Every structure is written in structure tokens, then in C-alpha cells.
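Participant: Show me the folded form of this:
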Amino acid sequence: MFAKLLDKMLDFEPSSLCCEVKTNSGLTVTVIGERSLSTVFEMLSRFGFVNPSTPTDLPALEHIEGDEAPLLTPTTTVAHPFIPNFEGRGLVTCIKQAMKDAVAENTEAMEQMVKDLMARADVNGHLTIIEARELFFASFDKTKKHHTSVTNFSFFFSSFTDLVGNKKLRDIKSEDVNDYLRALDHLPPDPSKNPEYKGLSFKAIVKRAMELKAKAIQTGTKKKHINFMRRFFNWCYQSLDLQRNPASCIDYTRYKKSKVQSRTAFETEDLIKIFDRKLVETYYKPHKFFAPPVALLTGMRVNEILQMYVDDIVYVEIGLDKDGQPIKVPCFKVEGVEEINASGTADKHVKTVNAERVIPIHPKLIEMGFLDYAEDLRRRGLKYLFPGVKRGKNGPGAVVSSWFNKSLLRTKCKIEDHTKTFHSFRNTFWTLGDRSRVLVTSMRKLAGYNAGENVEQIHYIKRSNVKECLEALTSIQYPAIDFVAYDAKKFEKYLDKVRAKATPEELVSAPVMVTKKPGRPPKAKPPQAPALTSVINTEAMAPFDEDED
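Facilitator: Next up is the predicted model:
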């Protein structure tokens, strides 16, 4: 503060006086200029210095040339602002001493506060993992966790307690955490689907996998399991005031994802195999027939495709024709909804706010008869664009991904590269768009990303509209693929069967059951912690979905 005060005093004439003000506590202030003297006294008073006898007329001051500065002694003693009887000490020293004394005075209160915290930590430390699990699940309503987190956390609780026991929180050591990490190093993928591990506990599955020298889960999947453990112990540490966090020992550098692409684009020969006419003509379920070409020609995510309603096909005006009549193009409307279905999950859920968008339907899809297919659904009163697909905990896309990856790619098309999956359509869309010189701004809008990362994209470049997105779509150069046209008769039996078995929720007239605020992730019914058994819950060991960027 005094440095700032002196800075203000430096605007002076060469003939200005120069003097010093020294207090009885040893504080010295250099004064330049007559007007500065009153400012010094004012500032000192603001800091608590008291000089009640200060005369109204300040002492006369000599004009001094050069560096000679007379000592200006106040007419009365200036008392120290904080602590009495500290004459001769500097202001900073006195402040430090005042703080020490203040702490000393409050030592008893602080000690009691520490004792209370330690007592609470000791009480909560007596909780077992399963007892803490109940409190942890109960907090989900407050933290708005997605319902799938319950399943993933349930796997952690089942596997961790099976491995180290249902210990008290205070007794869990870093070694227990390391034991769990070592077990994950040997955990096989999808053990519930392998007869070798049927009916076995987590500990027994790991032991059997080690004996068989079986392939373990990938590093990315392992990291996801570890993150659920870390989040639980972090919650215990912060919410239950534990004295230590046993998960703080984890070295996360071991689980960093490789910079190599986890999913790669399809080559031309791959696409020829996937869309082989003889193969496609065997499909009688519309999601098998239409989902792959929709993904290839729009770049949409698998769940975005499979969760759409028939009413999500909308017509958007992009201009006027030569006669002044509006030109409208059919589009897919990708959005989340407030409606919650019977399983307690959102009917439509988008990954981010930017994923909500309108995508023109590619002319190739229209040529295939996609709009005719949608009209067939409307006539039957069906609500979903791809009816009859099971809408599981990970969305309807899981069913199609599983069929496509395992049955179609690996078995029928003999494409063994595991970096190629249904999600590779999205990689292919981006790759072909890049090779076709399509603007990145349009590609980002079509793919459901934000505007970009640099200043120009964020602040200056306007986002692509529907017309520009349509131009971008039709500019992408695809390999020569002989797409099979839609034949209503081929799908008639399947659609009639689905219509006959449809629930009110699956029809256009289905009522809205539960609503939520827009943009929020779907909220499940209050989660119930599943009972812990000696045998691992195979449902909780469901494999993670493909990474959908």
C-alpha cells in the first residue's frame, strides 16, 4: 500500500520539499511535496494509527535541495494500530504477532473442531463397503447420476468385495486397491458369455483366466472399471470425511489410451462386402436393411439412428424455386426428449448439446425408398423409426452393433480387423468428407460436434445451415455401391407382427409418462442397490459400449 502511495507522490516539481515521517513503532515514510504530508497522515489513520492531538496547522517545512531529508516528528506519539507496547517493531512484524496471538486465543475452539472431525471420520470409518454402498447409491438422486452408472458401480462393489472382503472403510489399504488392479489385468472380456466362467465369482473368474492364459480386457475398458472404483473412494473421502483415500495410490499413466485410432474407416473392399446385394436381400428386419446405409451416408451415431421416431423425419425450407414456391428437403431431426419409457430410461438421449441437429436425408437414401418406408410405419401407427428393436440399458443401438460387428463383419464378411465396427461408418464418413474437400465447419455440424477449437470457428464463422449441409452431403464422393431398393412386401410380415405386439408406448398415441428438464441426462427410478451374492452378478459385467466420439 505504501509503495502505491509513494508512486502517487512522484509527480513533483524539482523545488518540492523532501522529508520523512517516522512513527514510534519504527515505520518510516518518505514524503515529497507539501500536499503529500496530509495524505500520509490520512493513510496512516486508515491503517489504525491514532494521533488525536495532531494540530490543524502542520509544522512549517523547509525546501531542501538534493537528498537531505529532515526528520519530521509528530507532535504527539502515534499509537500502534494493532498491538500496544510494540514500539520499535515494523508493521509486518506486528501483524504476524497479532495473527499468532489470535490463533492462540482460538486454539481451544480449533482443537474442538478437529476432534469433532476426527470423531466423525472414526464413526464413518467403521462402515463396511456395503454399508457405504447404500449411502453412495442414495446420493445418486442428488448428483443426478445416469441409471447405467448403477450397473457399472454394482460390478465394482461385487467384484471388489469378492476379492478383498466386505471390509470396514478404515481398514481398506492401498494394497487392497493394488490387488484389485492386478485382478483387472487378468479379467477376460465378456466372462458371462463364456462357459468357462459360468457361475464363478469374480475372484474365481480371474484365477481361471490366469490358468487358461486368456486374453484380458483392453486398457481402455480397464481404466473405466478403475474410474468407478476411484469415484467411490473419492466420494467416501470427501463425503464421509475419511482420514485417507486408499485409491490415491493409483498410477494412471499405466492406463493412458494409445494415440492410435481405436476405430478405423472402412476400405472400399469392406463396403462392397457389407453392401453386397445377395447379402442385403436376405434382410427382413428394417434396422438391418437401413441402419448401415444411414450411418454411412450421414455419419450419425448408432443410437442416434436407432432411437429416432417416425416423426423425426421433418421437412425444412431451404429457399424458393423459380416460381417463388418454397423448396423443402426431408431431414432427420436428432434430439433428446423429456419422455421416459417403461424401463426408466429416456427414449432419446443425445451425447451433448451440439449433438442436437437437423441432418438432410441423403438423396441416395431417398432413392432406396426410405421415405416410402417411413410412410409404411405411419400407416401402421408405429412410433419408432425402427420398431421391434430391444431398447436396453445402453439404448437400442447395442442390439444392432452386436449383430453388425459379430454376425455380419466377422462371420459373413470375414473382416477380422477389430478396429472396424459399426462405429467405423462414422470414421468412413469423416475420411471421405476430408478427401472430398468438404468444409470442416459443415462436417462438424453434420457429425454433431461443436463449432471448433480455434478463435475463428468459435467466434466468427457462422455454423452451416441445412442447405449448406445438404450441399456438403452430396459433395462427398463415395465408392460405387449398389444399394438395394426398399421392397415393402419383404418387410410387411415383420412390421405387421411388430404392430400386433406393440405396447401403447410403442404407438403414436402413447402418452408421455414422465418428464424432465430438456438437455439433462435421463433420470432413472430411485436406484436400489442389488443384493450382494457370492457369485458375481453377470448382468453387472456387461461389456462397455463402443467409444462413441
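
Participant: what is the rounded mean pLDDT of stretch 462-477?
Facilitator: Regarding stretch 462-477, the rounded mean pLDDT is 93.

Participant: Could you export it as PDB, CA atoms only?
Facilitator: Below are the C-alpha coordinates for stretch 462-477, written out as PDB (Å, rounded to 0.1, in the frame of the first residue of the first chain):
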ATOM      1  CA  LYS A 462     -21.300 -18.900 -38.800                       C
ATOM      2  CA  ARG A 463     -22.400 -22.500 -38.500                       C
ATOM      3  CA  SER A 464     -23.600 -24.300 -41.600                       C
ATOM      4  CA  ASN A 465     -27.400 -24.300 -42.200                       C
ATOM      5  CA  VAL A 466     -29.500 -27.100 -43.700                       C
ATOM      6  CA  LYS A 467     -28.900 -26.000 -47.300                       C
ATOM      7  CA  GLU A 468     -25.100 -25.900 -46.800                       C
ATOM      8  CA  CYS A 469     -25.200 -29.300 -45.000                       C
ATOM      9  CA  LEU A 470     -27.100 -30.800 -48.000                       C
ATOM     10  CA  GLU A 471     -24.500 -29.400 -50.400                       C
ATOM     11  CA  ALA A 472     -21.800 -30.900 -48.200                       C
ATOM     12  CA  LEU A 473     -23.500 -34.300 -48.100                       C
ATOM     13  CA  THR A 474     -23.900 -34.500 -51.800                       C
ATOM     14  CA  SER A 475     -20.300 -33.400 -52.300                       C
ATOM     15  CA  ILE A 476     -18.900 -36.400 -50.600                       C
ATOM     16  CA  GLN A 477     -17.500 -38.900 -53.100                       C
END
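
Participant: Which parts of that stretch count as buried, going by neighbours?
Facilitator: Arg463, Ser464, Val466, Glu468, Cys469, Leu470, Ala472, Leu473, Ile476 (16 or more other Cβ atoms under 10 Å). Bear in mind the C-beta positions are built from the backbone N, C-alpha and C, glycine included.

Participant: what does that stretch rub up against?
Facilitator: The set of residues that contact stretch 462-477 without belonging to it, under Cβ atoms under 8 Å, 6 or more residues apart in numbering, is 297-298, 316, 318-319, 329, 331, 358-360, 362-363, 429, 432-433, 435-439, 441-443, 445-446, 451.

Participant: Give me the buried subset of those residues.
Facilitator: Neighbour-count burial (16+ other Cβ under 10 Å) applied to those gives 297-298, 316, 318, 329, 331, 358-360, 362, 429, 432-433, 438, 441-443, 445-446, 451.

Participant: May I ask which helix or strand of the chain has the lowest mean pLDDT?
Facilitator: In the chain, the helix or strand scored least confidently by mean pLDDT, DSSP states H and E is strand 71-72, which has a mean of 38.

Participant: in the stretch 351-500 of the chain, which segments are predicted with low confidence?
Facilitator: Counting by pLDDT under 70, the stretch 351-500 of the chain contains low-confidence residues at 455.

Participant: Would you map the helices across it?
Facilitator: For the stretch 351-500 of the chain, the helices defined by DSSP state H, counting those that start in this stretch cover 363-368, 370-379, 397-402, 424-435, 440-447, 455, 466-475, 488-501.

Participant: how close does the residue lying closest to Asn405 once chain neighbours are set aside sit to Arg410?
Facilitator: Using Cβ to Cβ, 6 or more residues apart in numbering and skipping residues adjacent in sequence, the residue nearest Asn405 is Thr421, 4.9 Å away. Counting by Cβ to Cβ, to the nearest Å, the gap from Thr421 to Arg410 is 10 Å.

Participant: per-domain residue ranges of the chain.
Facilitator: According to automatic domain parsing, the chain is divided into the following domains: 2-105, 119-255, 268-518.

Participant: Rebuild those as TSV, extending it with distance to Ser262.
Facilitator: Output for the domains of the chain, formatted as TSV (distance: least, Cβ to Cβ, whole Å):
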stretch	distance to Ser262
domain 2-105	55
domain 119-255	7
domain 268-518	7
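
Participant: CA atoms only for the helix or strand hosting Arg231, dumped as CSV, please.
Facilitator: When elements are defined using DSSP states H and E, Arg231 is found to belong to helix 219-239. Included here for helix 219-239 are C-alpha records, laid out as CSV according to Å, rounded to 0.1, in the frame of the first residue of the first chain:
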residue,chain,number,x,y,z
THR,A,219,-6.6,-51.0,-21.3
GLY,A,220,-9.4,-48.5,-22.0
THR,A,221,-12.0,-50.9,-20.5
LYS,A,222,-9.8,-51.5,-17.5
LYS,A,223,-9.5,-47.7,-17.0
LYS,A,224,-13.2,-47.4,-16.9
HIS,A,225,-13.5,-50.1,-14.2
ILE,A,226,-10.8,-48.3,-12.2
ASN,A,227,-12.6,-45.0,-12.6
PHE,A,228,-15.7,-46.4,-10.9
MET,A,229,-13.6,-47.5,-8.0
ARG,A,230,-11.8,-44.2,-7.8
ARG,A,231,-15.1,-42.2,-7.9
PHE,A,232,-16.5,-44.3,-5.0
PHE,A,233,-13.4,-43.8,-2.7
ASN,A,234,-13.2,-40.1,-3.6
TRP,A,235,-16.8,-39.8,-2.6
CYS,A,236,-16.1,-41.6,0.7
TYR,A,237,-13.1,-39.4,1.4
GLN,A,238,-15.0,-36.2,0.7
SER,A,239,-18.5,-37.0,1.9
